[in-house]
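J.: From the sequence below, what's the structure:
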Amino acid sequence: MADHHKALENYIKKLMELQYSHTPDQTLTEEDLKSIALEAGLTEEAWLQARQRAAQHLERGKAYVSTHNWEDAAEELEQAATLMPNSAEANYLAGKAYLQRGKMLEQPADYDKAEYYLDRSLLISPTYGESLRLKTELNNHKRVHTQKTTQQTKSKNMTKWIVIGAIALLLIFGYFSMYNTMVSAEENTVQAWAQVENVYQRRADLVPNLVETVKAAANFERETLNEVVQARAAATAVRIDASTLDEASLQNFAQKQDALTASLSRLLAVSESYPTLTATENFRDLQAQLEGTENRIAVERKRFNEAIQNYNAHARRFPYNLLGFDTKAYFSTDPQNQQAPKVEF
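T.: Below you'll find the predicted structure:
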């Protein structure tokens, strides 16, 4: 039994070689097929059984064709065409089954098989009318399918480029949106720093009047006055690039302003020893303005640090950190000098 199956496999293999040959033999007769079977190791009886098996595949294939069961028809008729390579009918029906299955399932490979079997049918019998008619229908379907496939490919490509373009636009708009957000946050820090400088400048503008009032009203300690004048000069000499606001520059600015705050505190403290001075309306008015300015300094310093906090949070956060904006330093002063100088009268 094992030898029989092996011989049958060899026979089918040889038939398939003939079937898929680039130059199929059109003159195979029943005797030719019998010789191939015997060479493959089949007995004459086994060969006759193989012929019966081929006929059964053909009949089942025809039955499936009649019910338009193209999938099963294609399988059965392909077997029949393999075992009956000299049958124009088997090859024609196999071609028909594959053509109809291709139309049903939209499978280009089925059209190729249909063309192969129809060509074999016409090689065996060039005047086989049904094969000629079906070959024309096949060519029309292949042309339509090619056009449809080309259109679908163009449509897919168009859709792909539209999607790519939309994503690119979203990325571009996203980039500009993030960039503008960072610019706005940075501009807020610049404006906040300008307010800090304004209130410090307002305090510096009060110092000359305070010094002149003290000098005119009392024989005041010259050393203390000189400290105030020098501290004011040092504080007003510091200039900071608002677009940079680096830590070293802010520390230097804070130190100079702290020195002025400390010298003003000492001046006002010493002034307590001069009742005539503290009783003057001009001195009391300057004292009130100075205290109000110190309060404004505290408020603007707080607002500036809040602006810096918002800016730094964006600069560190993904994806804003990809834009290359550097973080900025906070503005801090000596805690001992953060209280407005007071004098109790």
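J.: Which helix or strand contains residue 267?
T.: Assigned by DSSP states H and E, residue 267 belongs to helix 247-271.
J.: Sorry, slip of the keys, the one I care about is residue 312.
T.: helix 281-316.
J.: now that helix against helix 247-271, angle please.
T.: Here helix 281-316 runs at an angle of 160 degrees relative to helix 247-271 (axes from the mean of the first three to the mean of the last three Cα atoms, to 10 degrees).
J.: Give the buried residues for helix 281-316.
T.: Neighbour-count burial for helix 281-316 flags 283, 286-287, 289-290, 293-294, 296-297, 300-301, 303-305, 307-308, 311-312, 314-315 (criterion: 16 or more other Cβ atoms under 10 Å). Every C-beta, even on glycine, is put in place using the N, C-alpha and C of the backbone.
J.: ditto for stretch 129-136
T.: Neighbour-count burial for stretch 129-136, counted by 16+ other Cβ under 10 Å, picks out 131, 134, 135.
J.: For it, list the C-alpha coordinates in PDB.
T.: Taking Å, rounded to 0.1, in the frame of the first residue of the first chain, the C-alpha atoms of stretch 129-136 are listed here in PDB:
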ATOM      1  CA  GLY A 129     -15.300  28.100 -28.200                       C
ATOM      2  CA  GLU A 130     -16.100  28.500 -24.500                       C
ATOM      3  CA  SER A 131     -12.500  29.000 -23.600                       C
ATOM      4  CA  LEU A 132     -12.200  31.700 -26.300                       C
ATOM      5  CA  ARG A 133     -15.300  33.500 -25.000                       C
ATOM      6  CA  LEU A 134     -14.200  33.200 -21.400                       C
ATOM      7  CA  LYS A 135     -10.700  34.400 -22.200                       C
ATOM      8  CA  THR A 136     -12.200  37.600 -23.600                       C
END
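J.: how about the helices of the stretch 51-200 of the chain, start to end?
T.: When secondary structure is read from DSSP state H, counting those that start in this stretch, the stretch 51-200 of the chain shows helices at 70-83, 88-105, 108-124, 129-217.
J.: List the contacts of the helix or strand following the longest one.
T.: Right, helix 129-217. Next in sequence after helix 129-217, counting helices and strands by DSSP H and E, comes helix 222-237. With contacts defined as Cβ atoms under 8 Å, 6 or more residues apart in numbering, helix 222-237 is touched by 200-201, 204, 207-208, 210-211, 214-215, 256-257, 259-260, 262-264, 266-267, 270.
J.: Return the mean pLDDT over helix 222-237, rounded to an integer.
T.: Averaging pLDDT along helix 222-237 yields 87.
J.: which of the residues in that helix are buried?
T.: Buried-residue list, helix 222-237, by 16+ other Cβ under 10 Å: 224, 225, 227, 228, 231, 232, 235, 236.
J.: Could you save those as JSON lines and add columns showing distance to residue 327?
T.: Formatted as JSON lines, those follow (distance: Cβ to Cβ, whole Å):
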{"residue": "224", "distance to residue 327": "40"}
{"residue": "225", "distance to residue 327": "41"}
{"residue": "227", "distance to residue 327": "36"}
{"residue": "228", "distance to residue 327": "36"}
{"residue": "231", "distance to residue 327": "31"}
{"residue": "232", "distance to residue 327": "32"}
{"residue": "235", "distance to residue 327": "26"}
{"residue": "236", "distance to residue 327": "28"}
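J.: quick one: which of the residues you listed is nearest residue 35?
T.: Of all the buried residues of helix 222-237, residue 35 sits closest to residue 235, with 116.8 Å by Cβ to Cβ.
J.: ok, so what distance separates the closest one from residue 264?
T.: Using Cβ to Cβ, to the nearest Å, residue 235 is found at 11 Å from residue 264.
J.: try residue 275
T.: Between residue 275 and residue 264 the distance is 20 Å, computed by Cβ to Cβ.
J.: ok, back up a step: to residue 242, which of the helices of the stretch 51-200 of the chain lies closest?
T.: Residue 242 sits nearest to helix 129-217 of all those, at 4.4 Å, using Cβ to Cβ.
J.: Drop anything exposed from the contacts of helix 222-237.
T.: When the contacts of helix 222-237 are checked for burial by 16+ other Cβ under 10 Å, the buried set is 200, 204, 207, 210-211, 214, 256-257, 259-260, 262-264, 266-267, 270.
J.: out of the buried residues of stretch 129-136, which one sits closest to residue 31?
T.: Lowest distance from residue 31 to these (Cβ to Cβ) belongs to residue 131, with 24.9 Å.
J.: who's in contact with the nearest residue to the closest one once chain neighbours are set aside?
T.: Leaving out its chain neighbours, the residue that sits closest to residue 131 by Cβ to Cβ, 6 or more residues apart in numbering is residue 121, at 4.2 Å. Applying Cβ under 8 Å, 6+ apart to residue 121 gives the contacts 88, 89, 91, 92, 95, 128, 131.
J.: which of those residues tops the neighbour count?
T.: Neighbour counts for the contacts of residue 121 (other Cβ atoms under 10 Å) peak at residue 91, which has 31 neighbours.
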